[in-house]
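J.: task: produce atomic coordinates for the following.
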Amino acid sequence: MTATYNEEEWIEPSLLSIKDLVDEYIVIDSSTDRTPEIIEKVKDEHGLNIRLYKYPPGDLSIIRNEILRLSSYRWILHWDGDFILYEGSDKYIRSLVETLDPRRHYLIYWPWIRICGDLYHTCGEHVEHWLFTYSKQIHYKNLLVDGRPFDSLIAPLRLYKAIYIDKVLGLHIQVKNPVRYVVKHLWYLYRSEYNEISKRTKISQEEFAKTKALELYGTDDLEMIGRKLIEDFVKSLPRFNGDYPKILNKYLSKKDK
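T.: Residues are numbered from 1 along each chain as shown. This is a model prediction of the structure:
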């Protein structure tokens, strides 16, 4: 299950990194950039079973619940358009699933290393239940964390068994072009406000970001704001000294390093 919004930077390697793991991709896209074109290209060139649907931007919990409804399989992989799996992780996950009792329900967790700001800095790890079995008793719901709503999977623990994989299986590439970076940054900080406004109007995330930028920074030049935010952000981050998935090689250069 993938919900995409302007993920053109990483959506191709992201989808390809799991092509030997998943049998079906359910993608709901709300993009204004080339993301859906890239998805269709990847589908055609690699013969992937991708079912692509267009939805207006909105509440992620509603979108993810719709993907659950559309899905055909018992095992659901929660996937974002900037997740990239390490080589061999697909076989590792499949082997684990094949050892589990098919009569039970599971939530499987593992850590991602987050690559933040640019391709050469990290901001820690991120752990959630990325793989789970479907049942009619699960759904996504917005829960407030530090005053902000997060789309969270609600699963009854009396039914589900949690499994934690103590191994990093991939990278979460939180690296965007400057405009996309500031749009996502402001949406993330003010998503509750955006959700309320978008219920009444057809405002896009870009339009919302320009309005907030003018309010916060005195200008709506998103390119300039984004570059400054990225530069300031990476100054405080440690360098990433680990390995990159091979599928990312064409995005990396010695000059950039």
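J.: can you pull the pLDDT of the most centrally placed residue in the chain?
T.: For the chain, the residue sitting closest to the mean C-alpha position, by C-alpha atoms, centre = their mean, is Asp80 at 2.5 Å. As predicted, Asp80 sits at a pLDDT of 96.
J.: how far away is Leu15 from Ser192?
T.: When C-beta to C-beta, to the nearest Å is applied, the distance between Leu15 and Ser192 equals 30 Å. Backbone N, C-alpha and C define where each C-beta goes, glycine included.
J.: please apply the same query to Ile247.
T.: When distances are taken as C-beta to C-beta, Ile247 and Ser192 turn out to be 35 Å apart.
J.: tell me which of these two has more neighbours.
T.: Set Ile247 next to Ser192 and count neighbours by other C-beta atoms under 10 Å: Ile247 wins out with 16 against 13.
J.: now that one: closest residue in space that isn't a chain neighbour?
T.: The shortest distance from Ile247 to any non-neighbouring residue, by C-beta to C-beta, 6 or more residues apart in numbering, is to Pro13 (4.6 Å).
J.: skip ahead from the helix or strand that neighbour falls within and say which helix or strand is next.
T.: Element membership for Pro13 (DSSP states H and E) is helix 11-16. Using DSSP H and E, the helix or strand that follows helix 11-16 towards the C-terminus is strand 25-29.
J.: got the contact list for that following strand?
T.: When contacts are defined by C-beta atoms under 8 Å, 6 or more residues apart in numbering, strand 25-29 is touched by residues 1-5, 15, 35-36, 39, 48-55, 63, 66-67, 70-71.
J.: likewise stretch 12-19?
T.: Among residues not part of stretch 12-19, those counted as contacts by C-beta under 8 Å, 6+ apart are 2, 7, 25, 38-39, 41-42, 46, 48, 50, 77, 79-85, 90, 170, 245, 247-248, 251.
J.: one more time with 7 Å, if that's ok
T.: With contact meaning C-beta atoms under 7 Å, 6 or more residues apart in numbering, stretch 12-19 is reached by 25, 38, 42, 46, 48, 79, 81-85, 90, 245, 247-248.
J.: quick check: buried residues in the helix holding Pro13?
T.: Along helix 11-16, the positions that meet the burial threshold by neighbour count (16 or more other C-beta atoms under 10 Å) are 11-16.
J.: out of these, flag the one nearest to Glu207.
T.: Taking C-beta to C-beta as the measure, Glu207 lies nearest Ile11 of the buried residues of helix 11-16, at 22.6 Å.
J.: how far away is that closest one from Met1?
T.: Computed as C-beta to C-beta, the Ile11 to Met1 distance reads 14 Å.
J.: picking up where we left off before, tabulate the buried residues of helix 11-16 (JSON lines), appending pLDDT and distance to Ser198.
T.: Rendered in JSON lines, the data for those read as follows (pLDDT from 0 to 100; distance: C-beta to C-beta, whole Å):
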{"residue": "Ile11", "pLDDT": "97", "distance to Ser198": "23"}
{"residue": "Glu12", "pLDDT": "96", "distance to Ser198": "28"}
{"residue": "Pro13", "pLDDT": "96", "distance to Ser198": "30"}
{"residue": "Ser14", "pLDDT": "97", "distance to Ser198": "25"}
{"residue": "Leu15", "pLDDT": "97", "distance to Ser198": "27"}
{"residue": "Leu16", "pLDDT": "97", "distance to Ser198": "32"}
